[in-house]
Structure formats: C-alpha cells, structure tokens
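In: with the input below, show me the fold.
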Amino acid sequence: MPYAQIDDHFHDSEAALRAGPEPLGLYLLSVTWCSAHLTDGHLPEIVGRGFIDRCADGDALVARLVEAGLWETADDGFEDGWRLPHFFDGGQRTREQVEADKAKKRESASKGGKAKAAKTGR
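Out: Down below sits the predicted model:
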C-alpha cells in the first residue's frame, strides 16, 4: 500500500502560506486520495466534488488552492478535475514505481515459496 508523504516543512512553503489553513484540509484529502489510487496527482472531478461539497464554502477553498498553485484545473479531454502540481515534491512515488515494487515483492514471494517447497519436498 502506498503512503502519502507531506514534507515536514510544507507548513512554511509559499503555497501553503498563500492558501491559508482552511483549504489545506481539502488539499490533504486530495493528496492522500491521489496517493491511494495511484493517479500521479490527478484528482477526478467526481472525487474532488465529493470532498468540496462537504466543506463550508468549498468552492472558495478550491479558488484559494488554485490561486496558491496547489491545485490546477485539469481539462485534458480524458477526465476533468484537478491536478496537484506539487504532488511529487514531498517524495510521492509514481504509479510506475509502486507497481514495480509490488511486482518485485510478488516475484520474491513466489521464489521463496518455490524454495520452501523444494526444501520440504512439497
């Protein structure tokens, strides 16, 4: 399972200071969702709307995130929503890196299981 990483100096970053504390909860939700779903920093409209609509004055929070440069509007023809331009700044791993690590672990587990079976004769 991938983990979302936030730089421990994020609170002092220009973007965080410009956004202010209120929108940062929404930002944190977006970072953790993107990390968990391996989207490489793309937040689909339907997911973002689900977060935004639960916030008091959610659209104003989005505007502050966009103004601060923490979110960008994504209209790439594939799926609307937002991009998190600083997603990888805190050390997030790409989908490709996470999937490669999972493949290595599966291969290692498979080799371990085969070695154990050969050793025990099963």
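
In: when you work out contacts or count neighbours from here on, use the C-alpha atoms and nothing else.
Out: Will do.

In: tell me where the chain has strands.
Out: Secondary structure of the chain (DSSP state E): strands at 42-44, 72-75, 80-83.

In: tell me which of those sits nearest to residue 105.
Out: Nearest to residue 105 among those is strand 42-44; the distance by C-alpha to C-alpha comes to 26.3 Å.

In: just checking, residue 85 touches residue 40?
Out: No. Using C-alpha atoms under 8 Å, residue 85 is not in contact with residue 40; the gap is 9.8 Å.

In: comparing these two, which shows the higher neighbour count?
Out: Neighbour count, other C-alpha atoms under 10 Å: between residue 85 and residue 40, residue 40 has more, with 20 against 14.

In: is it true that that one touches residue 34?
Out: Yes. The pair residue 40 / residue 34 is scored as a contact, 6.5 Å apart, by C-alpha under 8 Å.

In: that older thread, mean pLDDT lowest where, among the strands of the chain?
Out: Sorting the strands of the chain by mean pLDDT places strand 72-75 lowest, at a mean of 88.

In: helices and strands around that strand, which ones?
Out: Here strand 72-75 touches strand 80-83, going by 3 or more C-alpha pairs under 8 Å, 6 or more residues apart in numbering; DSSP states H and E.

In: and the strand it packs on, which residues are buried?
Out: Judged by neighbour count (16 or more other C-alpha atoms under 10 Å), strand 80-83 contains these buried residues: 81-83.

In: for those, which one is nearest residue 13?
Out: residue 83 (18.4 Å).

In: ok, the closest one - contacts?
Out: Going by C-alpha atoms under 8 Å, 6 or more residues apart in numbering, residue 83 touches 41-43, 71-74.

In: any of those buried? List them.
Out: The buried subset of the contacts of residue 83 - by 16+ other C-alpha under 10 Å - is 41-43, 71-72, 74.

In: mind putting those in TSV, distance to residue 25 included?
Out: Listed next are the buried ones among the contacts of residue 83 as TSV, based on distance: C-alpha to C-alpha, whole Å:
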residue	distance to residue 25
41	16
42	17
43	15
71	13
72	17
74	20
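
In: ok, of those, which one's closest to residue 24?
Out: residue 71 (11.0 Å).

In: contacting residues around the spatially closest residue to that closest one that is not a sequence neighbour?
Out: Residue nearest to residue 71 in three dimensions, not counting chain neighbours: residue 84, with 4.8 Å by C-alpha to C-alpha, 6 or more residues apart in numbering. Applying C-alpha under 8 Å, 6+ apart to residue 84 gives the contacts 31, 41-43, 70-72.
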